[in-house]
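J.: Sequence plus predicted model, see below.
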Amino acid sequence: MLGISRAVFVMLFFLSILIQDSTAQETNRRPNVVLVLVDDMGYGDLSCLGGSYLKTPNIDRLHSESVRLTDFHVDPTCAPTRASLFTGKYSAKTGVWHTLAGRSFPDKDEVFLSEIFKENGYRTGLFGKWHMGDNYPYLPQYKGFEEVLTFRGGGVGQIDDFWYNDYFDDIYVHNGKHEFYEGYCTDVWFENATKFIEVNQNTPFFCYISTNAPHYPYNVPNEYTLDLRKLGLDDNTARYLGMVANIDENVGRLIQRLTELSLIDNTVFMFMSDNGRSAVALPKTGQPFFFNAGMRGLKGSSYDGGHRVPFFIKWPNGNIGGGKDVDRLLAGFDLMSTLIELCGLKNDHVIDFDGRSFFSLLKDANSKWPERTLFVQNQRIETPVKWRNCSVMTEQYRLMNGKELFDIKKDPGQKKDIASENAEVVEKLRGAYEKWWQEISFRFDDYNRFYIGDDLENPTHLTLVDWHVDTLYRIWDQSVVRQRNFGNGFWAVNIVRDGVYEFTCRTYPKQEDTRLDVARVRISIGDQDITQDCDPGTSEVKVRIPLKAGDSILKTWFYESDGNSYGVPFVYIERL
């Protein structure tokens, strides 16, 4: 008996060592990272931030357990915010200052945060909106993401997306291939993100959930609008807030699953919005149900309401949380440096960061932090214009468009212009802007090009959404294509290698079998200018053109029988 007892004792002793080692490994393992980025949600739409018509209990709980960045700024629109988040730079430095028109995807040589996570052994997954390029080499799978479930363009149901998608039972792009998914879009993103986490629970992971909600159109299951309608909200507002309610429900389910998997303590969980609330979401009769936390401006505005957004972050194992506020002036481009430091990532790339790590502030809100001057702009034109729709920000002041000055501490609603009595402050901030403008303007006359004929993407699919045009460009909705109300523009391309290329020209994408009603097509690229008659009995016309490798400008025309013309909205280019 003594021998057996001694054997049992020895076995238990070594077992305890193994358990301790396992616990130590789990404790020392790099944290998992979950980033939830929602689209066009306003600062005041959450009940934890003062919204009174919609209850968001799950996000409220996250808010109570997180460090909250209360003066956190992004770009005033979608794609620029994403470019800044993932490169650690001002979006304009990457070539992004629009949400379309060939100015919505960063230069191919920019290093993305997701690439650094992958290089450090993290499993990486994107679920939802990308909006930083729909072609090689800008696609998420070429930017560090291993598992990708997304859609083309800036929103479900837009021109670039699979036609007839409407948020319910849609066809999305899974690892490069179109696949059908049953259910509501936001549910699909979170459900598949949860599966990704379950599969990779024993390995550090970076899970990026980027919802297209509550971006217009405001489609949501009716169950999320019923209680809101009882409050007297109009249909538009009820559906918009219903989308936020659905997001809240999904955030709650995800956190619950992380808890069940014993992952929540070593997971850095972040929640934020990509810009201010869209003006489309305003009630149709006045604004009785609209709360913007006292800020002036909405999405697209350089006033704070357009770019000051919620940002909550918690990491229990890292002692980050506890319902604390950090009120220092911070920006989206600070996040990349912060996560590199927080996760202990090795970065072998030479990156000229505009952002700086705020990790020390997450540990101690009173830690030393330098005074900074930051800049926000919303250009949305072909070539940026100095002082257009911009804000120069310090912790005390906002200089708007180089003219109006507001003391943001005393006047958070930006109502009283104090420029006339603070000429020295205005001059100082104008000088800072001039220096910044010189730093970012090197991109303005250049193009981030589409690469045609590469083995990794052949054929290449181009749409009118990415035309470069000289005028204000807002073409993204499928109805514009049906109405033929879109004019013309050009694509900036790079022909990867010499060869014969076949151009398939269509008035609608390939999944739409609509007959051509045009007489001729014309294609101008490089030194080639080809015109060919069209057969009205077909849905497309094919033109073969020999091309030399190099940068070029591609422009196309469809001519109707009466001589009217417009650009070819959908072009598929294949190197034969």
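T.: Looks like it came in fine.

J.: Okay, now the unreliable bits of this protein?
T.: Counting by pLDDT under 70, the chain has low-confidence residues at 1-28, 281, 283-289, 472-473.

J.: Show me which strand runs longest in it.
T.: In terms of residue count, the longest strand belonging to the chain (DSSP state E) is strand 550-559.

J.: and it, which strands flank it?
T.: strand 490-495 (antiparallel), strand 520-525 (antiparallel), strand 565-566 (antiparallel) (DSSP bridges).

J.: export the ones you listed to CSV and tack on mean neighbour count and distance to residue 171?
T.: C-beta here means a position set from N, CA and C on the backbone, and glycine is covered the same way. Output for the strands paired with strand 550-559, formatted as CSV (neighbours: other C-beta atoms under 10 Å; distance: least, C-beta to C-beta, whole Å):
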stretch, mean neighbour count, distance to residue 171
strand 490-495, 21, 25
strand 520-525, 19, 28
strand 565-566, 18, 27
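
J.: all strands in the stretch 201-350 of the chain, in order from the N-terminus.
T.: In the stretch 201-350 of the chain, the strands defined using DSSP state E, counting those that start in this stretch lie at 205-210, 267-273, 311-314, 324-326, 330-331.

J.: now these in JSON lines, with mean neighbour count and distance to residue 350?
T.: Converted to JSON lines, the strands of the stretch 201-350 of the chain look like this (neighbours: other C-beta under 10 Å; distance: least, C-beta to C-beta, whole Å):
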{"stretch": "strand 205-210", "mean neighbour count": "25", "distance to residue 350": "22"}
{"stretch": "strand 267-273", "mean neighbour count": "24", "distance to residue 350": "26"}
{"stretch": "strand 311-314", "mean neighbour count": "24", "distance to residue 350": "27"}
{"stretch": "strand 324-326", "mean neighbour count": "15", "distance to residue 350": "29"}
{"stretch": "strand 330-331", "mean neighbour count": "24", "distance to residue 350": "21"}
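
J.: Name the nearest residue to residue 103, sequence neighbours excluded.
T.: Among residues not flanking residue 103 along the chain, residue 97 sits closest, at 5.6 Å (C-beta to C-beta, 6 or more residues apart in numbering).

J.: Next: residue 440.
T.: Using C-beta to C-beta, 6+ apart and skipping the chain neighbours, the partner closest in space to residue 440 is residue 92 (4.4 Å).

J.: Check for me that that neighbour belongs to a helix.
T.: Yes: with DSSP: H, G, I helix; E, B strand; the rest coil as the criterion, residue 92 is part of a helix.

J.: Give the burial count for it, as a bare number.
T.: Residue 92: 25 surrounding residues under other C-beta atoms under 10 Å.

J.: so it makes contact with residue 376?
T.: No: using C-beta atoms under 8 Å, residue 92 is not in contact with residue 376, being 10.7 Å away.

J.: Look up how far residue 572 lies from the closest residue to residue 520 other than its chain neighbours.
T.: Once flanking residues are discounted, residue 520 sits nearest to residue 559: 4.4 Å by C-beta to C-beta, 6+ apart. Counting by C-beta to C-beta, to the nearest Å, the gap from residue 559 to residue 572 is 20 Å.

J.: What of residue 410?
T.: Distance from residue 410 to residue 572, by C-beta to C-beta: 57 Å.

J.: Same question for residue 111.
T.: Distance from residue 111 to residue 572, by C-beta to C-beta: 30 Å.

J.: Pick out whichever of those two has more residues nearby.
T.: Neighbour count, other C-beta under 10 Å: between residue 111 and residue 572, residue 111 has more, with 21 against 17.

J.: Any figure for the gap between the more buried one and residue 130?
T.: Applying C-beta to C-beta to residue 111 and residue 130 gives a distance of 17 Å.

J.: what does residue 401 give?
T.: In terms of C-beta to C-beta, residue 401 sits 31 Å off from residue 130.

J.: if you count what's nearby, which of the two comes out ahead?
T.: residue 130 (24 against 13).

J.: quick one: contacts for the residue nearest the centre of the chain?
T.: With the centre of the chain defined as its mean C-alpha position, the nearest residue by C-alpha atoms, centre = their mean is residue 82, 3.9 Å away. Taking C-beta atoms under 8 Å, 6 or more residues apart in numbering, we find residue 82 in contact with 37, 130-132, 210, 274.

J.: From residue 400, how far out is residue 374?
T.: For residue 374 relative to residue 400 (C-beta to C-beta), the value is 14 Å.

J.: the more surrounded of the two?
T.: Shown here are residue 374 and residue 400; by other C-beta under 10 Å, residue 400 has more neighbours (23 against 20).

J.: Isn't that one up against residue 418?
T.: No: with contacts counted by C-beta under 8 Å, residue 400 stays clear of residue 418, the gap being 11.5 Å.

J.: intersection of neighbour lists for these two?
T.: Contacts common to residue 400 and residue 418, judged by C-beta under 8 Å, 6+ apart, are residue 406.

J.: so the residue nearest to residue 520 bridges to which residues?
T.: Residues in beta-bridge contact with residue 559 (DSSP bridges): residue 520, residue 565.

J.: What about it, how many residues nearby?
T.: 17.

J.: which residues does it contact?
T.: 518-522, 565.

J.: now do residue 440
T.: Taking C-beta under 8 Å, 6+ apart as the criterion, residue 440 is in contact with 90, 92-93.

J.: closest to residue 349 among those residues?
T.: Checking these against residue 349 by C-beta to C-beta gives residue 93 as the nearest, at 15.2 Å.

J.: And the helices in the stretch 1-150 of the chain?
T.: 2-28, 57-65, 78-87, 113-119 (DSSP state H, counting those that start in this stretch).

J.: Can you mark which positions in the shortest one are buried?
T.: So that's helix 113-119. By 16 or more other C-beta atoms under 10 Å, the buried positions in helix 113-119 come out as 113-118.

J.: So which elements touch that helix?
T.: helix 78-87, strand 123-128, strand 205-210, helix 334-342 (3 or more C-beta pairs under 8 Å, 6 or more residues apart in numbering; DSSP states H and E).

J.: what angle sits between the first one and strand 267-273?
T.: Right, helix 78-87. Helix 78-87 and strand 267-273 are oriented at 150 degrees to each other (axes from the mean of the first three to the mean of the last three C-alpha atoms, to 10 degrees).

J.: circling back: adding distance to residue 299, write the strands paired with strand 550-559 out as TSV.
T.: Shown next, in TSV, are the strands paired with strand 550-559 (distance: least, C-beta to C-beta, whole Å):
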stretch	distance to residue 299
strand 490-495	27
strand 520-525	36
strand 565-566	29
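
J.: returning to what we had before: who are the contact partners of the residue nearest to residue 440?
T.: By C-beta under 8 Å, 6+ apart, the neighbours of residue 92 are 80, 377, 379, 384, 440, 443-444.
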